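Engineer: This is a predicted model, with the sequence first.
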Amino acid sequence: MRHIISILLENESGALSRVAGLFSARGYNIESLTVAPTEDPSLSRMTLVTSGTDKVVEQIKKQLNKLIDVVKLVDLVENEHVEREISLIKVRAAGNLRDEVNRMVEIFRGRIVDVTDTSYTIELTGSCDKIDAFLKAVPNDTIIEVVRSGVLGIARGEKGLRL
Amino acid sequence: MELTGADIVVKALADEGVEYIFGYPGGAALHIYDALYRQDTVKHILARHEQGAGHAADGYARSCGKPGVVLVTSGPGATNVVTPVATAHMDSIPLVVITAQVPSHLIGDDAFQEVDSIGITRPCVKHNFLVKDVRDLATTIKKAFYVATSGRPGPVVIDIPKDITAEKAEYIYPKSLSMRSYQPVTQGHSGQIRKAVQVLLAAKRPVIYTGGGIILSDCSDKLAELVRLLGYPCTNTLMGLGAYPADDPLFLGMLGMHGTYEANLAMHECDVMLCIGARFDDRVTGDTNKFSPYAKIIHVDIDPSSISKTISADIPVVGPAGVILEEMISQIKDSGRKPDAEAMQKWWHQIDGWRKIDCLDYDRESELIKPQFVVEKLYEVTKGDAFVTSDVGQHQMFAAQYYKFSKPRRWINSGGLGTMGFGLPAAMGVQLAHPDETVACVTGEGSIQMCLQELSTCKQYDLPLNIVNLNNRYLGMVRQWQEFFYDRRYSHSYMDALPDLVKLAEGYGHIGIRIEKPADVEGALKEALSDKSRLYFLDFITDQTENVYPMIAAGKGHHEMHLSPRNNGDDEERELA
Ligand SMILES: Cc1cc2nc3c(=O)[nH]c(=O)nc-3n(C[C@H](O)[C@H](O)[C@H](O)COP(=O)(O)OP(=O)(O)OC[C@H]3O[C@@H](n4cnc5c(N)ncnc54)[C@H](O)[C@@H]3O)c2cc1C
Ligand SMILES: Cc1ncc(C[n+]2csc(CCOP(=O)(O)OP(=O)(O)O)c2C)c(N)n1
Ligand SMILES: [Mg+2]
């Protein structure tokens, strides 16, 4: 099953490599990983998407918790949550393709953030599924470049992951 | 008071109560060496190789419970210490290892003797620190000791660039410390403990399986109390030997790959297993699919990630072994309940039947020196009271099986990483921690050559070790696997041109004796052990063909042990199905 693990960790130079190293050393999956400082500059927030059997995911969480730099973590899929990914997608758009791409962007509620004679750059935010669906919907040979942020997530309701 | 970084390092070590630092100098470490020169609180032991320094600190830590401290230079000094760091990591041994680093402004430039020590050691430390500001130095050292020694212990590396050791800062050594991201558990969950106690008391075929965690947390007295209170059989892992007295009737011996018949069958047949401070290592479980099919498993460990990692626990209890043992004992006493006497009588009857096989029997009449015989004699002559270190191989297993350890911290070996070369330097650390005690290093001619240079360190510091070399002229453990699993194709397990180890020992300024007949074994041991002022290198020329039994081959279960041909009355190994 897919899990979204949200981690507060010390904002130290080695912290990211400890997490990444743990996953490669123990052969765990990483589907995506994002990290940035929080409102408290001494802490970073990392969102990590992984998958595996219940037993493996339990070990992943225990091993992460064991890292000295990890302050707290939560598995977002255990409860209701919101997840978002942002993507920037550059497509060929010349001639009558322009209309078609425009229509798609509208349907998926994306935004066009850069335009040239022959291309559009689209910003699209949503669940991973939505971005996947968009990439399927536009004709494959029109895609020039895709940049995805990886998943960000937060629990629904009042409670927050904080110190 | 303003001090240089180098003085801060040494002062902090002194304030931490460090007695010995094991090390080897080099460019990036020279400021620190200079600071060491200007004081005499922290004594420096100069090894002959950084690996030796690391294992010596490890042996010191294992034998006395205090953290071992190491100091090495950057680059090759740091890479040479990686093996001991990994060795300590696998066995959860507290070390603080200071690696000097090139000056901050050169980091990343492929500077002379620069390696990424933090990156290289990251996967085999509990934690590591790069010091970037001299003002953080004292606190970082405090943190390193705190992390290394608390919770599940382990090695911590502090990488200190040379410029930091020259800069000055106010010296304040924190008395205590708390870290928001690291809070080891200090208590067990009472509800879980209550559940565990109920299951324990209802057991019909219980077994108590304990490991290194009991030694690490110094609670073997509490283990003994619980075992005796219940009257249940107890077995120890290789790392847990000495936690329960081996000569006690409730003790089944070691379990696992080379464990006893009775311990492994009790593990297989039990209905309730209480595991404390052990981690279901693959050398212990054999094939996990065949592991203890009838058992309800209670697992007590301070590290949640040890629980249900390889074998799922039915009742997990996270916390320090000593505290939990104490609570279990008082709950059992308060409950007024007693174990099922009738069931226990039947269970012990079954166990005694397994014991009758006498799985550690060997040919005591042999014309050749049997390695088991040497260890048995060592046990007799030292009255079971020596500190015994070992290297890795058959000799290690013989030492574990035939030296009946009755006290914790007396059996010092590399279990998790299985590091050949560990035994001699570790013995140096043990002897320094216990200057008046007898220290023996049971080794093989293969292993001893991996850190032989440390004989020179022993001379410099007058360490009267007793080296018991079980010289079978083979990388015996490898040869055994080749005999069993590779149709006797002895690929590169025989070393031609072995050195004359007796002369070598003499060359280093020690006493060497070669022993070739069983009749001379006891005399040689007595001679060595009675002389407390010199190191003796006893080179026992042993039977080359001896194998370690019992043995559970890879992929087999506890009930599928190979027993010694002697247990079968014929020359074929008996495989039990
Ligand atoms: C050639 C060779 C053969 C071997 N054969 C065998 C064999 O036949 N049998 C065998 O047993 N081993 C054998 N080993 C050793 C094996 O590889 C493992 O090192 C060993 O089994 C692990 O022991 P352990 O389970 O006690 O764990 P350790 O590595 O000692 O780990 C200790 C456990 O205790 C926990 N702990 C630490 N502190 C506390 C505390 N305060 N409270 C509670 N828990 C704590 C830790 O989290 C950890 O889970 C062999 C090794 C070699 C090199
Ligand atoms: C550093 C290292 N390299 C290789 C091994 C693999 N190995 C395990 S036991 C062994 C043979 C040890 O030979 P010796 O020290 O003579 O002991 P014996 O088994 O003969 O008693 C080897 C090569 C190891 N454990 N450690
Ligand atoms: Mg040998």
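Structural biologist: Thanks, I have it. Ligands and ions are numbered 1, 2, ... in the order given.
Engineer: longest helix anywhere in chain A?
Structural biologist: helix A:54-66 (DSSP state H).
Engineer: helices or strands next to the very next helix or strand once past that helix in the packing?
Structural biologist: If you walk from helix A:54-66 toward the C-terminus, the next helix or strand you reach (DSSP states H and E) is strand A:70-75. Helices and strands in packing contact with strand A:70-75 are listed as strand A:2-10, helix A:54-66; criterion 3 or more CB pairs under 8 Å, 6 or more residues apart in numbering or on different chains; DSSP states H and E. The C-beta positions use only the backbone N, C-alpha and C, and glycine is treated the same way.
Engineer: okay, the angle between strand A:70-75 and strand A:2-10?
Structural biologist: Per axes from the mean of the first three to the mean of the last three CA atoms, to 10 degrees, the angle that strand A:70-75 makes with strand A:2-10 is 160 degrees.
Engineer: What mean pLDDT does strand A:70-75 get?
Structural biologist: Looking at strand A:70-75 alone, the average pLDDT works out to 97.
Engineer: Which phi and psi values does the residue in chain B positioned nearest to chain A adopt?
Structural biologist: With CB to the nearest CB as the measure, B:Ser305 is the residue of chain B nearest to chain A, at 3.8 Å. In this entry, B:Ser305 is assigned phi and psi values of phi -70, psi -10 (degrees, to the nearest 10).
Engineer: How about it: what's its closest non-neighbour residue?
Structural biologist: Distances taken as CB to CB, 6 or more residues apart in numbering or on different chains place A:Lys62 nearest to B:Ser305, at 3.8 Å, with adjacent residues excluded.
Engineer: thinking that neighbour is in contact with B:Asp301, fair?
Structural biologist: No - taking CB atoms under 8 Å as the definition, A:Lys62 is not a contact partner of B:Asp301, at 11.0 Å.
Engineer: Between the two, which is the more surrounded one?
Structural biologist: B:Asp301 (28 against 16; other CB atoms under 10 Å in any protein chain shown).
Engineer: could you say what helices and strands the host helix or strand of B:Met267 packs with?
Structural biologist: B:Met267 is located in helix B:261-269, with elements delineated by DSSP H and E. With contacts defined as 3+ CB pairs under 8 Å, 6+ apart, the secondary structure elements packing on helix B:261-269 are strand B:206-210, strand B:234-236, strand B:251-254, helix B:341-356.
Engineer: Do any residues in it lie close to ligand 1?
Structural biologist: No - contact of helix B:261-269 with ligand 1 is not found when judged by CB under 6 Å from any ligand atom; the minimum separation is 9.1 Å.
Engineer: and for that helix, what are the contacting residues?
Structural biologist: Helix B:261-269 is touched from outside by B:205, B:207, B:209, B:233, B:235, B:252-256, B:273, B:291-295, B:350-351, B:354-355, B:357, B:359, B:550, B:552, B:557-559, B:561, B:563, B:567, with contacts defined as CB atoms under 8 Å, 6 or more residues apart in numbering or on different chains.
Engineer: And for stretch B:558-572?
Structural biologist: Applying CB under 8 Å, 6+ apart, the set of residues contacting stretch B:558-572 from outside is B:255, B:261, B:264-265, B:267-268, B:286, B:290-292, B:357-359, B:361-363, B:484, B:547, B:549-553, B:573-577.
Engineer: Among the residues you listed, the buried ones, what's the PyMOL command?
Structural biologist: Here the buried members of those are turned into a PyMOL selection, burial being counted by 16 or more other CB atoms under 10 Å in any protein chain shown:
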select buried, chain B and resi 255+261+264+265+267+268+286+291+292+357+359+362+547+549+550+551+552+573+574+576
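Engineer: Next step: the contacts of stretch B:558-572 restricted to helices.
Structural biologist: Using DSSP H, the contacts of stretch B:558-572 in helices are B:261, B:264-265, B:267-268, B:484.
Engineer: Spatially, which two of these are the most separated?
Structural biologist: Maximum pairwise distance in the ones in helices among the contacts of stretch B:558-572, criterion CB to CB, is 22.2 Å, between B:Met267 and B:Phe484.
Engineer: And the helices in chain A?
Structural biologist: In chain A, helices defined by DSSP H lie at A:15-25, A:54-66, A:97-107, A:128-137, listed in chain order.
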